[in-house]
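J.: missing the sequence, but the structure's below:
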């Protein structure tokens, strides 16, 4: 199907975009459009106004920042995956990007768009939670920052208000070896279950870890008990996923299947990280 | 809501100017406004890849971008890339390997395969399969297409 009619605006500044949003009505921001436009074409959404923010250069780009990195919300997923700065300081993101859909989608799809969309099976929300990112948000009341772990609320639900725009993420340098795996029926499909995280290795053992699962629950979920248990025992960490996860069945797998896959992913990701370190 | 917006862009090397409704996607713009029917539409939600075209040198889903967004952009389609010879090895290999049955997916397949070969001139077979997972073919079962892309990679390596 085709998108319904809408008015189109292409503001030149962030302030102008915020003013358009503040006018009310059913306005939507158009960034990469790789989730929004399918929703329009399927008539799941019929906004009266699309605010095209692709001209806002102040939202675009990757830079080094206080030992970490700053990633503009409008940065294309392809640029994220190709960035040497990202590969050096947050390699979890570099590992995750090729799993996002396909090249033609990543060329348009944006980093911030994926976060704001908050699909429970998407890779980037889980990565920013695992990396302790701070998300910078602009709105009519000024700027505010929200920790990534407080940003994702549920299926397509975030802490972003309707009159706010995600500007950038500030991400501290990754503190350990990358843990990333996902299971999907085909390359590029949404994950049935996925794991994004890191493990700090000392003398060949895991000293500290952060485990975030996606595709299992209604949002990217930090497995705190399992993360704490992992330095002591992999089996204990896998068992602890019962406390951390509340898997939800979908058309791919039952809740019990997702719970099983989460444990299998953790086992495989740890083995892979150990093998790379050896 | 029916207002139009003036855009000016380059399509296959030619500057075109049109007034478009914002809701008009790039595939319909190419097909209905410019008569470039080599780009196909099918699923219209970004899943099938039949509408793959190049915008500013990179492949995109034509059904997921509106023409109104492309003021000042450079668009290349199967027609322009055929004329320039950019896809010649791929097209010859698809023909030789019978990687085309009904042909509906072929333009998109060629653009996706070309993007892969520009990024990775000597791809492993699994890499080819992963790249082509972006494009649906419901006839061939993909084996002949994978063979053709591998052969085109070898032919491109002979380019001076």
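T.: Good, I have the coordinates. This one's a predicted model, so the numbers in the text were calculated from it and none came from an experiment.
J.: Could you use CA atoms for every contact and neighbour count after this?
T.: OK.
J.: Would you check that residue B:146 makes contact with residue B:123?
T.: No. With contacts counted by CA atoms under 8 Å, residue B:146 stays clear of residue B:123, the gap being 10.6 Å.
J.: Which one of the two is surrounded by more residues?
T.: Legend: neighbour count by other CA atoms under 10 Å in any protein chain shown for residue B:146 and residue B:123, higher for residue B:146 (22 against 17).
J.: Contacts only, for the more buried one.
T.: Neighbouring residues of residue B:146 by CA atoms under 8 Å, 6 or more residues apart in numbering or on different chains: B:125, B:128-129.
J.: give me the low-pLDDT residue ranges for the chain?
T.: Assuming you mean chain A. In the predicted model of chain A, no residue satisfies pLDDT under 70.
J.: Correction: the question concerned chain B.
T.: Applying pLDDT under 70 to chain B picks out residues B:1-2.
J.: the strands in chain B, which residues?
T.: For chain B, the strands defined by DSSP state E cover B:5-11, B:14-20, B:52-55, B:58-61, B:74-76.
J.: Quick one, which of these gets closest to residue A:68.
T.: Distance to residue A:68, taken as CA to CA, is lowest for strand B:58-61 among the strands of chain B, at 29.1 Å.
J.: So is the closest one next to chain A?
T.: Yes. Using CA under 8 Å from any CA of the partner chain, we find that strand B:58-61 touches chain A at B:58-61.
J.: Next, give me the two most distant ones among the residues you listed.
T.: Most distant of the residues of strand B:58-61 next to chain A, by CA to CA, are B:58 and B:61, 10.2 Å apart.
J.: Please enumerate the shared neighbours of those two.
T.: residue A:104.
J.: Specify which residue of these two has the higher count of neighbours.
T.: Set residue B:58 next to residue B:61 and count neighbours by other CA under 10 Å: residue B:61 wins out with 28 against 18.
J.: residues of stretch A:88-104 that come out buried?
T.: Using 16 or more other CA atoms under 10 Å in any protein chain shown as the test for burial, stretch A:88-104 gives A:89-104.
J.: any idea how far that stretch is from the chain center?
T.: From the chain centre to the centre of stretch A:88-104 is a distance of 11 Å (CA atoms, centre = their mean, to the nearest Å).
J.: ok, it near chain B or not?
T.: Yes. Shown here: stretch A:88-104 in contact with chain B (CA under 8 Å from any CA) through A:101-104.
J.: What helix or strand is the residue in the stretch 101-250 of chain A that chain B sits nearest to located in?
T.: Per CA to the nearest CA, residue A:104 is where the stretch 101-250 of chain A lies closest to chain B, at 4.3 Å. If you go by DSSP states H and E, residue A:104 is part of helix A:103-106.
J.: Can you mark which positions in stretch A:46-56 are buried?
T.: Result for stretch A:46-56 [16+ other CA under 10 Å]: buried residues A:46-47, A:49-56.
J.: right, I mislabeled it, should have said stretch B:22-33
T.: The neighbour-count check on stretch B:22-33 (16+ other CA under 10 Å) flags B:22-30 as buried.
J.: Kindly report the same for stretch A:5-12.
T.: Taking 16+ other CA under 10 Å as the criterion, stretch A:5-12 shows A:5-11 as buried.
J.: how near is the nearest residue to residue B:116 once chain neighbours are set aside to residue A:110?
T.: Spatial nearest neighbour of residue B:116, excluding adjacent residues (CA to CA, 6 or more residues apart in numbering or on different chains): residue B:131 at 6.8 Å. Computed as CA to CA, to the nearest Å, the residue B:131 to residue A:110 distance reads 20 Å.
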